[in-house]
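Engineer: build the 3D model from these lines:
(one chain, ligands or ions: 2)
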Amino acid sequence: MKTRTVPTGQSKWYKTQLLLKNNTIKLFIPDTRKFNKRNLEQMIRSYGMIYIKPERGTYGNGVIRAEQGEHRGFTYQYEETIRHFDTFEAFHSSLAKKTGRRSYLIQKGIHLLKHNGRRFDIRVMVQLSPKGVWEATGIIGRLGHPRKIVTNYHSGGKPTAIEKLLSTHLTSMQLAQLTGELNRLGTRIAAQMQKTFPRHRQFGVDVGLDRTLKPWIIEVNMNPDPYIFNQLKDKSMYRRVMRYRRFYLKQ
Ligand SMILES: Nc1ncnc2c1ncn2[C@@H]1O[C@H](COP(=O)(O)OP(=O)(O)O)[C@@H](O)[C@H]1O
Ligand SMILES: [Mg+2]
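Structural biologist: Ligands and ions are numbered 1, 2, ... in the order given. Next up is the predicted model:
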C-alpha cells in the first residue's frame, strides 16, 4: 500500500522542491542535494565550499561548513571546531559518522558578505496583509558570531539594521534597489509556498548575498520569529509585523 505524504514545512528538502517548481524563484536557489558520498564528492569538487545541514534542523543546530583546501586536503567546521583531512575518504567517513542515520542536505556554499570580519545574511519577513495580499513587512540583517559559521540568533547571531551592514558595500540608491528586489522575491516565494500551505499567513526567508551582491535563498521558515525586529532601534518594522500578526492570529 502506498502511504500519502502529508506536506510538511519541517523538511528543507521538501520546501526546496516546492520552490524549484517556479522558474523565477529557481534562479535564486543554490544547488541542493541529499547528503551521500557521491553528492559530497561532486559538490565539494565543483563548488570548493559547501554547507551540510540537517534536513529538519532549526536555530543553526548541526550545520557544517566544508571546504576543499588548496592542496587536495579538506576541512570542515561545526560550531567552533575545525577539522582537517588529507584525503576525501577520511573527510567523508568523519562526516558520515557525524550525520549518522539522520537525513542531511548538502548545499552550495555562498560566500556571504562580511561586516567587520563577520558574515551576515538577511531575513525577509513576509505576511498576509489584512487585505489579503502578501507583503514584505520586515527586513533585517543577522550578523554571525565571529567564530561561527551560522548567523542564527540562537547561535550568537546579532540582529542588525541592513543599512548598517550594507552601507560599506552599496550606495543608498543601490540599497533601495536591492531592498525592493528582496521584497519582491519574498512575496513571490510566499505565493509559491501558499499553493501547498494554503492556510499559512507568514514566511521568513533567509537570504544570503554573495560578493557580487546576488541574493541566494538559504531557506524558508514557516514560523519566523517576529521578535528579532524588536532588537532594532527603529520600532516601525516591529510594530507593523506585530500588527499584521495580531490580525491573522485573531482569525
Ligand atoms: N548554502 C549556504 N551558504 C552560506 N551560508 C549558509 C548556507 N546554508 C546555511 N548557511 C548559514 O547557516 C545558517 C543556518 O542555516 P539554515 O539553512 O537557515 O538552517 P536553520 O534552519 O538551522 O536556520 C544560515 O542562516 C546561514 O548563516
Ligand atoms: Mg535559518
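
Engineer: so the closest residue to A90 other than its chain neighbours bridges to which residues?
Structural biologist: Excluding its sequence neighbours, the residue lying closest to A90 (Cβ to Cβ, 6 or more residues apart in numbering) is F74, at 8.0 Å. Every residue, glycine included, has its C-beta placed from N, CA and C. Under the criterion DSSP bridges, F74 forms beta bridges with Q68, F85.

Engineer: got the CA coordinates for the helix ranked longest in the chain in PDB?
Structural biologist: For the chain, the helix with the greatest residue count under DSSP state H is helix 172-194. Extracted C-alpha coordinates of helix 172-194, given in PDB (Å, rounded to 0.1, in the frame of the first residue of the first chain):
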ATOM      1  CA  SER A 172      21.900  54.200  -0.700                       C
ATOM      2  CA  MET A 173      20.400  54.100  -4.100                       C
ATOM      3  CA  GLN A 174      21.700  50.500  -4.700                       C
ATOM      4  CA  LEU A 175      20.400  49.600  -1.200                       C
ATOM      5  CA  ALA A 176      16.900  50.800  -2.100                       C
ATOM      6  CA  GLN A 177      17.000  48.800  -5.300                       C
ATOM      7  CA  LEU A 178      18.200  45.700  -3.500                       C
ATOM      8  CA  THR A 179      15.600  46.000  -0.800                       C
ATOM      9  CA  GLY A 180      12.900  46.300  -3.500                       C
ATOM     10  CA  GLU A 181      14.200  43.200  -5.200                       C
ATOM     11  CA  LEU A 182      14.300  41.200  -1.900                       C
ATOM     12  CA  ASN A 183      10.800  42.300  -1.100                       C
ATOM     13  CA  ARG A 184       9.500  41.100  -4.500                       C
ATOM     14  CA  LEU A 185      11.400  37.900  -4.100                       C
ATOM     15  CA  GLY A 186       9.900  37.400  -0.700                       C
ATOM     16  CA  THR A 187       6.300  37.900  -1.800                       C
ATOM     17  CA  ARG A 188       6.800  35.600  -4.800                       C
ATOM     18  CA  ILE A 189       8.200  32.900  -2.500                       C
ATOM     19  CA  ALA A 190       5.200  33.300  -0.100                       C
ATOM     20  CA  ALA A 191       2.700  33.000  -3.000                       C
ATOM     21  CA  GLN A 192       4.500  29.800  -4.200                       C
ATOM     22  CA  MET A 193       4.500  28.300  -0.700                       C
ATOM     23  CA  GLN A 194       0.900  29.200  -0.300                       C
END
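
Engineer: angle of whatever helix or strand comes next after it against helix 172-194?
Structural biologist: As assigned by DSSP states H and E, the chain's next helix or strand after helix 172-194 is strand 202-209. Taking axes from the mean of the first three to the mean of the last three Cα atoms, to 10 degrees, one finds strand 202-209 and helix 172-194 inclined to each other by 130 degrees.

Engineer: ok, strand 202-209: who's next to it in the sheet?
Structural biologist: Strand 202-209 is paired, per DSSP bridges, with strand 118-128 (antiparallel), strand 215-221 (antiparallel).

Engineer: now do the helix or strand following the first one: which elements does it pack against?
Structural biologist: Read it as strand 118-128. Counting by DSSP H and E, the next helix or strand C-terminal to strand 118-128 is strand 134-143. Contacts defined by 3 or more Cβ pairs under 8 Å, 6 or more residues apart in numbering; DSSP states H and E place strand 134-143 against strand 118-128, strand 158-160, helix 162-166, helix 172-194, helix 236-250.

Engineer: great, nothing more from me.
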